[in-house]
Each structure stands twice: as C-alpha cells, then as structure tokens.
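Engineer: sharing a model that was predicted from the sequence below.
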Amino acid sequence: MSEFDQLYRELILDHYKNPRNHGLLDPADARAEGQNPLCGDEIAVSVRLGEGDVIEEVGFDGRGCAISQAATSMLGDLVKGRTAEQVAAMPTQELLDELGIPLTPVRLKCAILGLGVLKLALHKAKGTPLPEEWGTSNRDLVLE
Amino acid sequence: MAVTAHPKLDAKRLRADFPIFDQNINGKPLAYLDSAVTAQKPRQMIEAMSEFYETSYGNVHRGVYALSERATAAFEGARQKIRALINAPDAREVIFTRNATEGLNLVAYAWGLTNLGPGDLVVVTELEHHSNYVPWQYVAKRTGAEFRMIPIGESGELELGALDEIARDGQVKIVANNLVSNALGTINPVGALASWAHEQGAIMVVDAAQAAPHRKVDVQALGCDFVALSAHKMCGPSGVGVVWGRRELLEAMEPFNLGGHMIRKVEFEETTWGDLPHKFEAGTSPIAEAVGFGAAIDYLTEIGFDAIERHEHELAGYALGRLEELPWIELYGPPADRRAGIVAFNVTGVHPHDVAQVLDFDGVAIRAGHHCCQPLMRKLGVAATNRASFYLYTIPEEIDRLVDGLHKVKKSLG
C-alpha cells in the first residue's frame, strides 16, 4: 500500500468528504470552540445531553485538514450513548485506533483537536476534568 | 576588466555545497521548497564552525589566555562582517541576539516601554510576522499607547494611502514593518515608510529576517533606526541573529537582559551598564554560531546578492507562471517583479496540511499553515495557505516536481 493510501484510507476520505454530525446544534447543552495554534485550524463542537448526562447528539463545525475533519466526524459516532464523565475519561488512543492510520506528531494534533474541544465543552457545562494533553495555556486559546 | 551587471548563479553547481541534498527523503531526492522558514547549510559554514570548535573555542572577552583571545578575535571578526554586510556606520551598533525575534523584542522592551505612553501610536502592518507584531501590541498595551495597523490591498501590498488617517489619531512613535513579507514575499516600501515615520517624529523598526538572505540590506540607505535579522535564514546556524540600532538611540536605552558581561560596575546599591554593544549582550553569547554566521556571510557575498536576487526572481516568475495555468489554484501576493522567492497558494477545496502531506510523500517539502501571520490569514479569508519558497540552491526541476505533486493532490483530494 502506498503512503498515500495508508494515511488517506477510504474510511478517512469518506468521513472527510461526507462528514457525519456536521453542523452545530441549537439549542445545545454544551458547546466550545478551539483551535490548533500550530496551523490555525478551528473546530466548534456542540452536544445535547439526555438523562444522566448521556450524550444524545453531537454537532460540529470547523475548518481543517482531512485528518482533523474526519477524526471529528468519527468522534461524534463514537461518543453517542456515553456519559459526559465517560467521554472526559476517554483515552486519546481509542480515537486513534478508530482512525487506524499512522500519524506524525504534527498530524496527531490535527487528529485530536475535535476530541479536545469536546472535552472542553463538557468541562464547561458539567465540570468534568480537562485532559492532561489539553495543556494549561491552551485554555487561553479557547474562542468564546 | 568587464563587469557583468547581473551575474547569474549556477544553482546546480552550488547544490554540491549542501550536504543535506546527498540523501533521499521518502525514497526521493529532496526538493526543499521551504527556505523562507530556514535555509539549508553549506559545507563551508559547517566546517567553519567545526574548525572553530576544534581549534579556537573559548569564552570571549574575559580570558587573558591565548585561546580566549583567539575566540574573541573570531567573534568580533564576525561582528565586523555583519557590520560591512548591512553597511552599519559602527560595529558597536551591531548587537548579537538569538534571532530576529529577540532583536525586535529588545527594541520593544528597551525602547518601547520607556518611550511610549497614552496618546502615542504604535503602527505595524497587516503583513507582519508575529515577531514584529505581538511585541508591539504587547508594549502598546503595557504603556497605554494605541496599536494601529497599515492595511494591505488585493495584491498583498501596503496601502500607504491610509497613513494620513492613522496619523490623525495621535502621536506616531514607532513604525514597524518587514522589508520582505515571509508569507507573501511582498517587497515593502520601507524607505518611504521610514521617511514618513521620521516626519511624524517616530522611529522606524525593520524586520529584515526575510530580506537579508536574498538582497543587500543597507541600513543607511533604508534610513531606518533599528534592523533585526536571523542567521539561520541566510545559510548560517540557528541560535544567532543581530539587531542593529542607531548609536544615539542604543546609548540612551535601558538594557534588555541583565547579568554578566553587560555591566560596568556592580555595587549593592546600584549597577551601571557597560558600553555598546556589551550593554545588550548579557551572558555568554552564541560564540561559535556567530563565527558560523560570519562564514555564511562570506559564502553569500562570494556568490553575490545581485545574483541570488535575480535567481529568486526568475524562480518566482517560473513558479507563478506554472501555477497560473492551473484553474484550481488560488494564488496570493503581488506579481513576480514585486516579490521575493516566495509563492503562497491554495488548492481549491483542499486544506494546506493535506497538500503538504501528499507532496511530502514525493520528497517535496513545502510549508502549510498560517506562517506566523494570523492577521494576514484573516485578511485573506483563509485559515492557512501553502507556501513554496526558494533560495540560491533551488532549481526549476524542483518547481516542476511541486506542480506534478499538486496534480496528484487535486486528483486524490480535490
């Protein structure tokens, strides 16, 4: 398989070209925006929560590369039905396994941007913990 | 003897000086089209640094033994080479820094914090790199001065028509501009801006980081007050740069970094500062790096800045011509004759990260991102752009490989 096919495998391209959970929810129970300071990419995530803070719907919007857009698209399906607490504790690796592509450190940041913003939204709405990798200074980069 | 007005350089021959090209990247020869972010290093510069470490290394200025004297002579020799390169009146006005960013911060802190206050204007441009934007925005906030921005027009060139309106808002104290835009390659009218700045009673600060590798920067001809540049963009090592300033301004300024070497006398009650340039060079300097910087200047001077500039204009014209043929490419910036060897573009519907990634599979290295120019990206209405940039070792075949790669990008992701 060529390097291109490894990274931009069919599933990634499908989510990139036909993103699921696209478009922000209004009203929403939790929402946040964030950006990748390395490339300026922006992602906004909104969430509707049901009983027991279970995620019922996820909507996202943003501009970014195929990896960040596909990863955020896949993330929505992955977290639906889980509680806010469960998602806050969700390891990054779970999303990366779902993506199933080799990522360099720079592209890794593209892949986890949406997850970071989702965890930030839940943190703001429900007080769940922020992940370590979100960093301390990144809080200041949040676009209100 | 006949003198050629515009000598041509032989990029294919010069490439042999750069060991980095003796390898394959992803199984392909390296097409390095990212020289605007940092230039590759010729063997002559690398060897000069190695030789200095092997034969002459010691700390400078403080030792009484022979080795320290030898190191000091090499270090100060590099300062003299830089003085000559930028036509500074006095080598004591040439301050070694870590890079251009540190030089600009030096001016912002040591001049700006003391001389700015409410009612004053700090004027930058929409084309600035964050290094010549954020320090000014910060000292303006700290001092209560107002921060203003000269806008750019459609072709990525400054709209000097806005100057009069800006001047009506207060007392202009600082005008800061890059001589060449790192994001678009625009060559800015710094001389005209400097004249305007001086009419307002302001100082002119020039970020020459992107210009100095490609054209002769003459601080006296520019008529500016401070000029900052980095060695690593001009075939020199990373970790060293200089800021030049007018002597009377530097002498009136407070120091920037405090500590060893920059003092005259230290007492419990008070410390007095050393003379220029030492007042601004606290701590151990990047000694070997300065020597490497000097060797890089020798290398570039031997090739000739006229030849380098001409080569880059030719490459920029060739690249723009080839990219203009592709209807799905959006180009940014001025025409080839008004820009340095930098070409910014987007592939319609494809994010620059993906473009750069696919090109990398073929060994073509370009930059994708905001290029430390977020205000400019906002103006262009994009999150990021692709940028291909050229230097003295760039050959047209590399631009052909870029274009071939872009066709692949279009086919697979567009």
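Structural biologist: Yes, it's here. Residues are numbered from 1 along each chain as shown, chains lettered A, B, ... in the order given.

Engineer: what sits against whatever residue of chain A ends up closest to chain B?
Structural biologist: Here chain A gets closest to chain B at one residue, A:C65, 3.6 Å apart by C-beta to the nearest C-beta. For glycine as for every other residue, the C-beta is placed from the backbone atoms N, C-alpha and C. Applying C-beta atoms under 8 Å, 6 or more residues apart in numbering or on different chains to A:C65 gives the contacts A:C39, A:D41, A:C110, B:H351, B:P352, B:H353, B:D354, B:Q357.

Engineer: isn't the fifth one right up against B:N346?
Structural biologist: Yes: using C-beta atoms under 8 Å, B:P352 makes contact with B:N346 at a distance of 6.6 Å.

Engineer: touching both of the two, which residues are there?
Structural biologist: B:T385, B:N386.

Engineer: picking up where we left off before, which of the contacts of A:C65 lies closest to B:P19?
Structural biologist: B:Q357 (26.0 Å; C-beta to C-beta).

Engineer: next, that closest one: secondary structure please.
Structural biologist: Counting by DSSP: H, G, I helix; E, B strand; the rest coil, the backbone at B:Q357 sits in helix.

Engineer: contacts for the top strand by length along chain B, please.
Structural biologist: Using DSSP state E to define each element, chain B has its longest strand at strand B:171-178. By C-beta under 8 Å, 6+ apart, the residues outside strand B:171-178 that reach it are B:104, B:111-112, B:115-116, B:119-125, B:127-129, B:132-133, B:136, B:145, B:150, B:158, B:166, B:188, B:190, B:193-194, B:196-197, B:200-211.

Engineer: now, which of those lie close to chain A?
Structural biologist: Among the contacts of strand B:171-178, not one lies near chain A by C-beta under 8 Å from any C-beta of the partner chain.

Engineer: only the buried subset of those, as a ChimeraX command please.
Structural biologist: ChimeraX command restricting the contacts of strand B:171-178 to the buried ones, with burial defined by 16 or more other C-beta atoms under 10 Å in any protein chain shown:
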select /B:104,111,112,115,116,120,121,122,123,124,125,127,128,129,132,133,136,145,150,158,166,188,190,193,194,196,197,200,202,203,204,205,206,207,208,209,210,211
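
Engineer: ok so, going back, dump the contacts of A:C65 to a markdown table, plus pLDDT, neighbour count and secondary structure.
Structural biologist: Below are the contacts of A:C65 laid out as a markdown table (pLDDT from 0 to 100; neighbours: other C-beta atoms under 10 Å in any protein chain shown; DSSP: H, G, I helix; E, B strand; the rest coil):
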| residue | pLDDT | neighbour count | secondary structure |
| --- | --- | --- | --- |
| A:C39 | 71 | 22 | coil |
| A:D41 | 81 | 26 | strand |
| A:C110 | 88 | 27 | helix |
| B:H351 | 93 | 27 | coil |
| B:P352 | 94 | 26 | helix |
| B:H353 | 92 | 25 | helix |
| B:D354 | 94 | 27 | helix |
| B:Q357 | 94 | 24 | helix |
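
Engineer: so how far is B:V206 from B:L113?
Structural biologist: 20 Å (C-beta to C-beta, to the nearest Å).

Engineer: right, I mislabeled it, should have said B:I395
Structural biologist: Distance from B:I395 to B:V206, by C-beta to C-beta: 31 Å.

Engineer: now do the phi/psi pair for the most centrally placed residue in chain B.
Structural biologist: Centroid-nearest residue in chain B: B:A209, 1.0 Å away (criterion: C-alpha atoms, centre = their mean). Main-chain dihedrals, B:A209, degrees, to the nearest 10: phi -60, psi -40.

Engineer: doesn't B:H129 make contact with it?
Structural biologist: Yes: judged on C-beta under 8 Å, B:A209 makes contact with B:H129 at a distance of 7.3 Å.

Engineer: common neighbours of the two, please.
Structural biologist: Joint contacts of B:A209 and B:H129 (C-beta under 8 Å, 6+ apart) are B:N178, B:N182.

Engineer: which of the contacts of strand B:171-178 fall in helices?
Structural biologist: B:L104, B:N115, B:W136, B:I166, B:V190, B:L193, B:A194, B:W196, B:A197 (DSSP state H).

Engineer: so what's the second one up against?
Structural biologist: Taking C-beta under 8 Å, 6+ apart, we find B:N115 in contact with B:K173.

Engineer: surely B:P286 meets B:A78?
Structural biologist: No: counting by C-beta under 8 Å, B:P286 does not reach B:A78; the two are 10.1 Å apart.

Engineer: these two: which is more packed in?
Structural biologist: B:A78 (30 against 20; other C-beta atoms under 10 Å in any protein chain shown).

Engineer: what's around the closest residue in space to B:L376 that isn't next to it in sequence, how many residues?
Structural biologist: Closest residue in space to B:L376, ignoring its immediate chain neighbours: B:A183 at 5.5 Å, by C-beta to C-beta, 6 or more residues apart in numbering or on different chains. Neighbour count for B:A183, taken as other C-beta under 10 Å: 27.
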